[in-house]
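Asks: task: produce atomic coordinates for the following.
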Amino acid sequence: MGIKRFKPKTGGLRFAALSDFKELTKSKPEKSLMEPLKKSGGRNSYGRITVRFRGGGHKRMYRVIDFKRDRIDQPAIVLAIEYDPNRSCRIALIEYADKVKAYILAPLELKVGEKVVSTNTAEVDIHAGNAMPIKRVPLGTAVHNIELKPGKGGQMARSAGTSAQLMAKEGGLAQIRLPSGEMRKIHIDCRVTIGQLGNVEHETICWGKAGRARWLGWRGRVRGVAMNPVDHPHGGGEGKAPQGNPHPVSPWGLKTKGLKTRKPKKYSNQFIVKRRTK
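Replies: So this is what the prediction gives:
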């Protein structure tokens, strides 16, 4: 696992910094754990673009990930560490004693041949890849794949290099510091997976050229000041004109760049001890 840089033989290689994929042990995915994945191109069910600058990209198949880890006290052996085009972290292929295979998110320390288990008891080691309820996890432990509701499956701390830290337990709730810095209360029966997720160098990747982003389905983002007035409030003017607005706005005239959009009375406010913003 590392970053690969290139001699500047072309403009696209001059600043490129890409993963060397040395941590991968298997090149072909498990066919039984794959599903078709249809692209939306940023469009909703009515065919209208709701997310701009999306489209194209290479064909992908979805890898079915076990976020619930609901096979209790059934050890599994790690068969391989694989690449997943649908997420930034790596995934691990595991096999249970009854020969059933599954994908899980691959922690940083997880190696091929090791055993992982999902349990409800405190007798299992605090080892990377093991899953258990928060009430069984010691304070200060780094965790990922955190549930918000017991039995729903992990929803938080799932991207490359991330981990949350268990800070305190009080009554039926635990306080967890998320990767964003937010402190949040979560029910102690919610399951978490031990360890920090792998592919830590993902944040240092530089694609090097626009074409590589297009392969991933990211189209070029056009500045508002480069458009015509009919297309954007910042558009128009003679020459290279500034935006002209007292405050930057979206193409539909709404204030942007710093405008708070969270509902003041959102239901989850009661669980947030400290926001990520100062």
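
Asks: from here on, just use CA atoms for contacts and neighbour counts.
Replies: Fine.

Asks: what sits closest to Met156 if chain neighbours are left out?
Replies: The shortest distance from Met156 to any non-neighbouring residue, by CA to CA, 6 or more residues apart in numbering, is to Ile146 (5.0 Å).

Asks: pretty sure Asn228 contacts Glu238?
Replies: No - using CA atoms under 8 Å, Asn228 makes no contact with Glu238, being 11.0 Å away.

Asks: and those two? which has more neighbours close in?
Replies: Neighbour tally, Asn228 and Glu238, criterion other CA atoms under 10 Å: the higher count belongs to Asn228, 13 against 6.

Asks: residues contacting that one?
Replies: Residues in contact with Asn228 (CA atoms under 8 Å, 6 or more residues apart in numbering) are 235-236.

Asks: mind redoing it with 10 Å?
Replies: The contact partners of Asn228, by CA atoms under 10 Å, 6 or more residues apart in numbering, come to 234-237.

Asks: check Ser27 too.
Replies: Here Ser27 is in contact with 80-83 (CA under 10 Å, 6+ apart).

Asks: turn these into JSON lines, including pLDDT.
Replies: Below are those laid out as JSON lines (pLDDT from 0 to 100):
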{"residue": "Ala80", "pLDDT": "97"}
{"residue": "Ile81", "pLDDT": "97"}
{"residue": "Glu82", "pLDDT": "97"}
{"residue": "Tyr83", "pLDDT": "97"}
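
Asks: could you pull out the helices in the stretch 101-250 of the chain for me?
Replies: 210-215 (DSSP state H, counting those that start in this stretch).

Asks: quick one: the strands in the stretch 151-278 of the chain?
Replies: 154-156, 164-170, 173-177, 183-187, 191-194, 272-274 (DSSP state E, counting those that start in this stretch).

Asks: the stretch 1-150 of the chain now?
Replies: 3-5, 17-19, 34-36, 61-63, 76-82, 91-96, 101-105, 115-116, 131-133, 142-144, 146-147.

Asks: nearest to His202, out of those?
Replies: For His202, the closest of the strands of the stretch 1-150 of the chain is strand 17-19, at 7.5 Å, according to CA to CA.

Asks: what packs against the closest one?
Replies: strand 3-5 (3 or more CA pairs under 10 Å, 6 or more residues apart in numbering; DSSP states H and E).

Asks: quick one: contacts for the residue nearest to the spatial centre of the chain?
Replies: By CA atoms, centre = their mean, the mean C-alpha position of the chain lies nearest to Ser159, the distance being 3.0 Å. Taking CA under 10 Å, 6+ apart, we find Ser159 in contact with 87-90, 105, 144-145, 179, 196-200, 202.

Asks: at 6 Å instead, please
Replies: By CA atoms under 6 Å, 6 or more residues apart in numbering, the residues touching Ser159 are 88-89.

Asks: how near is it to Leu173?
Replies: Per CA to CA, to the nearest Å, Ser159 is found 24 Å from Leu173.

Asks: ditto for Pro246
Replies: 45 Å.

Asks: more crowded one of the two?
Replies: Leu173 (18 against 7).

Asks: the more buried one reaches Ile188, doesn't it?
Replies: Yes - between Leu173 and Ile188 there is a contact under CA atoms under 6 Å: 5.3 Å.

Asks: can you check the pLDDT for the residue of the chain positioned farthest from its centre?
Replies: Of all residues in the chain, Glu238 has its C-alpha farthest from the mean position, at 42.7 Å, by CA atoms, centre = their mean. Looking at Glu238, its pLDDT reads 93.

Asks: for His144, what are its contacts?
Replies: 157, 163, 193.

Asks: who does it form a beta bridge with?
Replies: Beta bridges link His144 to Thr193 when assigned by DSSP bridges.

Asks: ditto for Ile272
Replies: Arg184.

Asks: tell me the spacing between it and Gly244.
Replies: 38 Å.

Asks: one more: Gly154?
Replies: Counting by CA to CA - Gly154 and Gly244 are separated by 45 Å.

Asks: these two: who's more crowded?
Replies: Between Gly154 and Gly244, counted using other CA under 10 Å, Gly154 has the larger neighbour count: 22 against 13.

Asks: correct me, but that one touches Leu148?
Replies: No - the pair Gly154 / Leu148 is not scored as a contact, 7.2 Å apart, by CA under 6 Å.

Asks: residues contacting Thr119?
Replies: 72-73, 132.

Asks: can you say which of those residues are buried?
Replies: Neighbour-count burial (16 or more other CA atoms under 10 Å) is assigned, among the contacts of Thr119, to Met132.
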